[in-house]
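Asks: Task: produce atomic coordinates for the following.
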Amino acid sequence: MESNNHEVTNEELARMVAKGFEGVPTKQEMNARFDEVSDRFDKIDKRLEHIEKFLLEDHRRRIEKLEEQVKELRDALAMK
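Replies: Below you'll find the predicted structure:
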């Protein structure tokens with residue numbers, strides 16, 4: 001049975017470690033990606049705000065219209 005006790009030199013170890021980090025993004029690349037994600041979330045937040053304002057305004061108008069119709073019905077029933 002052969003022994004695999006091969007001493008690894010510092011240079012070989014450095015190559016192995018470097019190879020292990022291949023394809024790992026740099027800090028600057030990660031920061032750029034986080035900035036992109038942050039920008040996208042900002043855009044989504046703005047869109048959601050717009051939708052929320054639109055829905056609230058629409059609901060307000062509809063409620064006011066219903067209140068007016070209820071008032072008209074009450075007035076009509078009070079006359080009889």
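Asks: From now on I want contacts and neighbour counts done on CA atoms only, so please keep to that.
Replies: OK.
Asks: Low-confidence stretches in this structure?
Replies: 1-4, 80 (pLDDT under 70).
Asks: Report all helices and strands that the longest helix seen in it contacts.
Replies: Longest helix in the chain by number of residues, with DSSP state H as the criterion: helix 27-79. If you count contacts as 3 or more CA pairs under 8 Å, 6 or more residues apart in numbering; DSSP states H and E, helix 27-79 packs onto no helix or strand.
Asks: quick one: that helix to chain centroid distance?
Replies: 18 Å (CA atoms, centre = their mean, to the nearest Å).
Asks: any idea how far the residue nearest the centre of the chain lies from F34?
Replies: Geometric centre of the chain, nearest residue: F41, 4.6 Å, by CA atoms, centre = their mean. Note on F41: its distance to F34, by CA to CA, to the nearest Å, is 10 Å.
Asks: For stretch 53-66, which outside residues touch it?
Replies: Here stretch 53-66 makes contact (CA atoms under 8 Å, 6 or more residues apart in numbering) with no residue beyond itself.
Asks: Name the residues of that stretch that are buried.
Replies: By 16 or more other CA atoms under 10 Å, stretch 53-66 has no buried positions at all.
Asks: and H6, what helix or strand is that in?
Replies: Following DSSP states H and E, one finds H6 outside all helices and strands.
Asks: how deep is it tucked in, by neighbour count?
Replies: 6 (other CA atoms under 10 Å).
Asks: Okay, it and A18: tell me how far apart.
Replies: Going from H6 to A18 by CA to CA gives 20 Å.
Asks: before we move on, what about L66?
Replies: 70 Å.
Asks: Next: Q69.
Replies: Here the criterion is CA to CA. By it, Q69 lies 75 Å from A18.
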